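Participant: okay, sequence plus prediction incoming.
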There are 2 protein chains.
Amino acid sequence: MAKDERPAYEQVKDWIRKHIASGAWKPDDVVPSEAALMERFAISRMTAHRALRELAAEGLVTRVQGSGTRVAQLHRISSQLVIRDIHEEVAERGHVHSTRVLRVAEEKAGPELAESLGLRRGARVFHTVLVHLENGVPIQYEDRYVNPQAAPTYMQTDFTRESPTLHLLQHAPLTEASYSIEATLPTAEEALALGIESSEPCLAMMRRTVSGAHVASVARQLYPGTRYSFNGQFQA
Amino acid sequence: MAKDERPAYEQVKDWIRKHIASGAWKPDDVVPSEAALMERFAISRMTAHRALRELAAEGLVTRVQGSGTRVAQLHRISSQLVIRDIHEEVAERGHVHSTRVLRVAEEKAGPELAESLGLRRGARVFHTVLVHLENGVPIQYEDRYVNPQAAPTYMQTDFTRESPTLHLLQHAPLTEASYSIEATLPTAEEALALGIESSEPCLAMMRRTVSGAHVASVARQLYPGTRYSFNGQFQA
DNA sequence: GAGTGGTCTAGACCACAGA
DNA sequence: CTGTGGTCTAGACCACTCT
């Protein structure tokens, strides 16, 4: 054996993937059943099952009990959009991350914010505004409101050392999140803080995170269009 | 049994998830081993193994052979960014999708484009430019180059009936894709076609798709910032 | 060496689809 | 009724980590 032997279920997955990628098996075609794979590869049913189950989880095939396994309709490109702690992300590029703190305050929530955080009107909320820099260049303006019930120690954080995202991830275990991304122009204040023209387009990400019973945080993060892009990859 | 019995491995996963979400088990804490779970739930090792393996695939725990299973460091927020055929997407909102075709031509590839498509300089490529409308309002400007080797029948498509994305998905099975999203201003031509001011920020998605041995297509899709946003959700 | 996870087998019972 | 997938067991051998 010259080769480093790959697990049997991986070999089966590769074999099926190859047929789909090459176009030999088209969407809605039947994929060999577990029994057929057992014979073909001289493997047990559990192994064949695992290969097909994982391909189904990856979205390449569809399985229906009693009916069979078919090639999935490949009508969508999907990929993981991973939203990470910005400090970690910058560090991974081998660059230096730093933070400029613009505002750390306790405020009373207006009606809209209160509803968004699931609090009553006028409840106390934590508010932070800061700018993240990569090698001294501003790359993100972060305006965030935090629910004190979800992260009571938020205000004691030294934000130049621990980012809001990191604090929240560590103190308010994440159970749910939703986001939306759009293109927008910065406000005068945001442009000033980022050191850009107010005519320069930016990516704006609005995010809302839930931790257990509480909405933990509502944030708006602004990235200058010329200094940041989201990238992704997808492999069948 | 009043309840609809959930599979054993799901019950184990739920149990572990609960402990992580509640904060009882913190990042880097050890999760019960497969042997421990076998005893606790009176299940076989394969079942315990499956529960832990799936949690690892979901990113909630980390497993190291010989060492053990631990709660993952950052519950990084990740979610599927699904890129779909725009016709399908509009139809799903109950709206009417239509297309305005601006250009359908065969051209010679310049050096940069040729390299991007994996062709030699000056090779023939298909070029289409069109605008997608939702209820008559322009929402996407699509500028696309296609490799004739990957989709020889591309030019025969009636693009008012079948979108380029759909044609390519059906004729060039997708094996790989990469994309990047950024904020930008439209060119004069793009602004005109979209019916917007050239000062209005847009989301630009650059996409490159691979089908088998060929790069199938390189496309730039521009969305007016005020008429489109990417949305996503995540649940632990 | 003891404990951990990674893989695999040869059975088993069940639920469901389709002829 | 046959074939399909969904789950589960009780063993097994191996590779790895840690002490």
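Facilitator: The structure has been received and is ready for your questions. The structure presented is a predicted model; accordingly, all values stated were derived computationally and were not measured.

Participant: and stretch A:206-224, how far from the chain's centre?
Facilitator: Centroid separation for stretch A:206-224 versus its chain: 12 Å, with CA atoms, centre = their mean, to the nearest Å.

Participant: now that stretch: buried residues?
Facilitator: A:207-211, A:214-224 (16 or more other CB atoms under 10 Å in any protein chain shown). Heads up, the C-betas are built off the backbone N, CA and C, glycines and all.

Participant: confidence score at the closest residue to residue A:141 other than its chain neighbours?
Facilitator: Spatial nearest neighbour of residue A:141, excluding adjacent residues (CB to CB, 6 or more residues apart in numbering or on different chains): residue A:222 at 4.2 Å. We have a pLDDT of 95 for residue A:222.

Participant: please save the CA atoms from the strand or helix carrying residue A:222 in PDB.
Facilitator: If you go by DSSP states H and E, residue A:222 is part of strand A:214-224. Presented in PDB, the C-alpha positions along strand A:214-224 are these (Å, rounded to 0.1, in the frame of the first residue of the first chain):
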ATOM      1  CA  HIS A 214     -32.400  37.200  26.400                       C
ATOM      2  CA  VAL A 215     -31.600  39.200  23.300                       C
ATOM      3  CA  ALA A 216     -28.000  39.800  24.100                       C
ATOM      4  CA  SER A 217     -27.000  42.500  21.700                       C
ATOM      5  CA  VAL A 218     -27.900  44.600  18.700                       C
ATOM      6  CA  ALA A 219     -25.000  45.900  16.600                       C
ATOM      7  CA  ARG A 220     -24.300  47.800  13.500                       C
ATOM      8  CA  GLN A 221     -20.900  47.400  12.000                       C
ATOM      9  CA  LEU A 222     -19.700  49.500   9.100                       C
ATOM     10  CA  TYR A 223     -16.800  48.500   6.800                       C
ATOM     11  CA  PRO A 224     -15.300  50.900   4.300                       C
END
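
Participant: strands paired with that strand, and their directions?
Facilitator: Note on strand A:214-224: by DSSP bridges, its sheet partners are strand A:137-146 (antiparallel), strand A:202-211 (antiparallel).

Participant: now these as TSV including mean pLDDT?
Facilitator: As requested, these are arranged in TSV below (pLDDT from 0 to 100):
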stretch	mean pLDDT
strand A:137-146	96
strand A:202-211	91
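
Participant: ranking those by burial, who's on top?
Facilitator: Stretch with highest mean neighbour count among those: strand A:202-211 (a mean of 22; mean count of other CB atoms under 10 Å in any protein chain shown).

Participant: and DNA strand D, which of the strands paired with strand A:214-224 is closest to it?
Facilitator: Among the strands paired with strand A:214-224, strand A:202-211 comes nearest to DNA strand D, with 26.8 Å by CB to the nearest atom of the strand.

Participant: now the helix or strand containing residue A:189: buried residues?
Facilitator: According to DSSP H and E, residue A:189 maps onto helix A:188-194. For helix A:188-194, the neighbour count (16+ other CB under 10 Å) marks A:190, A:191, A:193, A:194 as buried.

Participant: any idea how far chain B is from residue A:228?
Facilitator: 7 Å (CB to the nearest CB, to the nearest Å).

Participant: ok, back up a step: what mean pLDDT does the helix holding residue A:189 have?
Facilitator: Per-residue scores along helix A:188-194 average to 96.

Participant: that helix - contacts with which helices or strands?
Facilitator: Using 3 or more CB pairs under 8 Å, 6 or more residues apart in numbering or on different chains; DSSP states H and E as the contact criterion, the neighbours of helix A:188-194 among helices and strands are strand A:137-146, strand A:214-224.

Participant: to residue B:159, which of those lies closest?
Facilitator: Closest approach to residue B:159 among the helices and strands packed on helix A:188-194 is made by strand A:214-224 (33.3 Å; CB to CB).

Participant: what does that closest one contact?
Facilitator: A:113, A:116-118, A:138-147, A:149-151, A:164, A:168, A:172, A:174, A:184, A:186, A:190, A:194, A:196, A:200, A:202-210, B:183 (CB atoms under 8 Å, 6 or more residues apart in numbering or on different chains).

Participant: repeat for stretch A:187-204
Facilitator: Under CB under 8 Å, 6+ apart, the answer for stretch A:187-204 is A:100, A:102, A:131, A:137-138, A:141, A:181-186, A:220-226, A:228-230, B:181-185, B:199, B:201-203, B:225.

Participant: and the residue nearest to residue A:141, how far from residue B:208?
Facilitator: Between residue A:222 and residue B:208 the computed distance is 27 Å (CB to CB, to the nearest Å).

Participant: for residue A:98, give me its contacts.
Facilitator: A:132, A:133, A:136, A:160.

Participant: show me what it is bridged to.
Facilitator: Assigned bridge partners for residue A:98, using DSSP bridges, are residue A:133.

Participant: measure it to chain B for me?
Facilitator: On the measure of CB to the nearest CB, residue A:98 and chain B end up 20 Å apart.

Participant: so who does residue A:26 touch?
Facilitator: A:71, B:173.

Participant: do that again at 6 Å, thanks
Facilitator: Residues in contact with residue A:26 (CB atoms under 6 Å, 6 or more residues apart in numbering or on different chains): none are found.

Participant: does it sit in a helix, a strand or a coil?
Facilitator: Following DSSP: H, G, I helix; E, B strand; the rest coil, residue A:26 is assigned to coil.

Participant: quick one: it from residue A:17, how far?
Facilitator: The separation that residue A:26 has from residue A:17, given CB to CB, amounts to 14 Å.

Participant: repeat that for residue A:37.
Facilitator: 14 Å.

Participant: the two: which has the busier surroundings?
Facilitator: Set residue A:37 next to residue A:17 and count neighbours by other CB atoms under 10 Å in any protein chain shown: residue A:37 wins out with 23 against 17.

Participant: how far away is the closest residue to that one other than its chain neighbours from chain B?
Facilitator: Using CB to CB, 6+ apart and skipping the chain neighbours, the partner closest in space to residue A:37 is residue A:48 (3.9 Å). Noted for residue A:48: a distance of 15 Å to chain B, by CB to the nearest CB.
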